[in-house]
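quick one: sequence and predicted model below, then my questions.
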Amino acid sequence: MWTRKELKKRAKDVLKNIYWKALLISIVIYLAGGKYGSDGGGGGNNSNSNGVFPLEITDLNELLPYSISIFAVVLFFTILILSLRIFLGYPLEVGGRRYFIQSACYNNNKGCFRFAFDSNNYKGIVLTMLLRGVQNFLWFLLLIIPGIIKLYSYRMVPYILADNPNIGAKKAIRLSINMTMGHKFDIFVLDLSFLGWYLLGALALFIGTFFVMPYDNATNAELYLVLRQNALDNDLCTYEDLSPNAIEV
């Protein structure tokens, strides 16, 4: 069994000598979309002010080209963002997770992003992360609560891929589900324990939140190591499944 206090203490010990590099890696993970949550935006509209459409336009046939143009622009940027997330963001996230795992094991943490983009690893990472994303999205379409539960069930997938990118999509997801079984609420509480730090960081024009990320990421890497060892001890997987080289401390 693990405790938040133990995980955070280990994370602090790891960060003593690598904090600034860990900060850069954490920013990369964040920009790659590896942190749960998304940004949104919106705008107001005033029918009495001059806007995009001239006031004299009343015919729907005249409005149609404008609507099609706006839809095409929105669709283009949506596809662009999704493509960047899938083909660039997924490997960057897994590479970042590998950095924190290797650091937690006091192993060589160099070349983690190169590892993720290696031709032998890239395809497995992208396909597995994509399947995880699609499944989680479908759960959220069903209901919010089941979606959040599955979000925690799939939490270890990028860490598993950081150990073995070619484990297979279905096996990685199933292993993550088994690893987090009975731990999801505790992981949720672990996330909440960082809320105060993030709120404090937000007071400094949100820049301070970036300085909390290495602590958060290092703690989650420690969590993965505990859950990974539990999985090995309970025969949920083999050492070959999770790359023997990554397990050495």
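Cool, got the structure. Numbering: from 1, shown residues only.

angles on the backbone of Leu242, please.
phi -110, psi 30 (degrees, to the nearest 10).

how about the one helix or strand Lys123 maps to, which residues are buried there?
In the assignment (DSSP states H and E), Lys123 maps to helix 119-142. By neighbour count on 16 or more other C-beta atoms under 10 Å, the buried set for helix 119-142 is 121-122, 124-129, 131-133, 136, 139. Every residue, glycine included, has its C-beta placed from N, CA and C.

just send the residues you listed back as CSV, with distance to Gln102 and pLDDT too.
What follows is the buried residues of helix 119-142, written out as CSV (distance: C-beta to C-beta, whole Å; pLDDT from 0 to 100):
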residue, distance to Gln102, pLDDT
Asn121, 15, 96
Tyr122, 19, 97
Gly124, 19, 97
Ile125, 16, 97
Val126, 21, 98
Leu127, 23, 97
Thr128, 20, 97
Met129, 19, 97
Leu131, 25, 97
Arg132, 22, 96
Gly133, 25, 94
Asn136, 26, 93
Trp139, 31, 93
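
which residues of the chain score low on pLDDT?
36-63, 244-249 (pLDDT under 70).

so where do the helices sit in it?
Using DSSP state H, the helices found in the chain span residues 4-15, 19-31, 60-84, 90-104, 112-117, 119-142, 144-153, 157-163, 169-180, 184-192, 195-202, 208-233, 244-247.

give me the residue at the spatial middle of this structure.
In the chain, the residue lying closest to the centroid (C-alpha atoms, centre = their mean) is Gly34, at 2.4 Å.

mind listing what that one touches?
By C-beta atoms under 8 Å, 6 or more residues apart in numbering, the contact set of Gly34 is Gly89, Leu92, Glu93, Gly96, Arg97, Pro158.

how close does the second one get to Tyr99?
The gap separating Leu92 from Tyr99 is 11 Å, by C-beta to C-beta, to the nearest Å.

overlap in contacts of those two?
Taking C-beta under 8 Å, 6+ apart as the contact rule, Leu92 and Tyr99 both touch Phe113.

quick one on the thing from earlier: export the contacts of Gly34 as JSON lines, with columns for distance to Asn178.
Listed next are these as JSON lines, based on distance: C-beta to C-beta, whole Å:
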{"residue": "Gly89", "distance to Asn178": "26"}
{"residue": "Leu92", "distance to Asn178": "26"}
{"residue": "Glu93", "distance to Asn178": "22"}
{"residue": "Gly96", "distance to Asn178": "24"}
{"residue": "Arg97", "distance to Asn178": "19"}
{"residue": "Pro158", "distance to Asn178": "16"}
